[in-house]
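S.K.: Quick one: sequence plus predicted model below, questions after.
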Amino acid sequence: MLLTLDGSTRWPNRERLIELAQVRCGLASRKAKEHLEEIANAMADVATDLKNYFADREHEIAQRIIAA
């Protein structure tokens, strides 16, 4: 992560993202979980395209994105 969350640039876990959505966006826990699931599904949908796009590139960021 480029921006900090509670002073850290480490990517937050699922529970921390839900808490963030509740506190900063005012979402109910159920709604925050729904949005997080939608994001995870969208990322899974583009994963193959992303791997194909980066297959011929040697960029460190590409490898980190694919690993994530």
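M.R.: Yep, that arrived. Remember, it's a predicted structure, so these values are computed and weren't measured experimentally.

S.K.: For the rest of this, base every contact and every neighbour count on C-alpha atoms.
M.R.: OK.

S.K.: Which positions in the longest helix belonging to the chain come out as buried?
M.R.: Longest helix of the chain, by residue count under DSSP state H: helix 29-54. Neighbour counts over helix 29-54 (16 or more other Cα atoms under 10 Å) mark 32-33, 36, 54 as buried.

S.K.: which one of the residues you listed sits closest to E15?
M.R.: Among those, K33 lies closest to E15 (Cα to Cα), at 9.2 Å.

S.K.: Quick one: mean pLDDT for the longest helix of the chain?
M.R.: In this model, helix 29-54 has an average pLDDT of 90.

S.K.: Tell me the helix or strand right after it.
M.R.: Using DSSP states H and E, the helix or strand that follows helix 29-54 in sequence is helix 60-67.

S.K.: List the buried residues for that following helix?
M.R.: So for helix 60-67, counting by 16+ other Cα under 10 Å, buried means A62.

S.K.: Using PDB, write out every CA atom in it.
M.R.: As requested, the backbone C-alpha atoms of helix 60-67 are provided in PDB (Å, rounded to 0.1, in the frame of the first residue of the first chain):
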ATOM      1  CA  GLU A  60       9.000  -6.100  -9.800                       C
ATOM      2  CA  ILE A  61       5.600  -4.600  -9.300                       C
ATOM      3  CA  ALA A  62       4.000  -7.000 -11.900                       C
ATOM      4  CA  GLN A  63       5.300  -9.900  -9.900                       C
ATOM      5  CA  ARG A  64       4.100  -8.500  -6.700                       C
ATOM      6  CA  ILE A  65       0.600  -7.900  -8.100                       C
ATOM      7  CA  ILE A  66       0.400 -11.400  -9.500                       C
ATOM      8  CA  ALA A  67       1.500 -12.900  -6.200                       C
END
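
S.K.: helices or strands next to it in the packing?
M.R.: The elements that helix 60-67 packs onto, with contact taken as 3 or more Cα pairs under 8 Å, 6 or more residues apart in numbering; DSSP states H and E, are helix 29-54.
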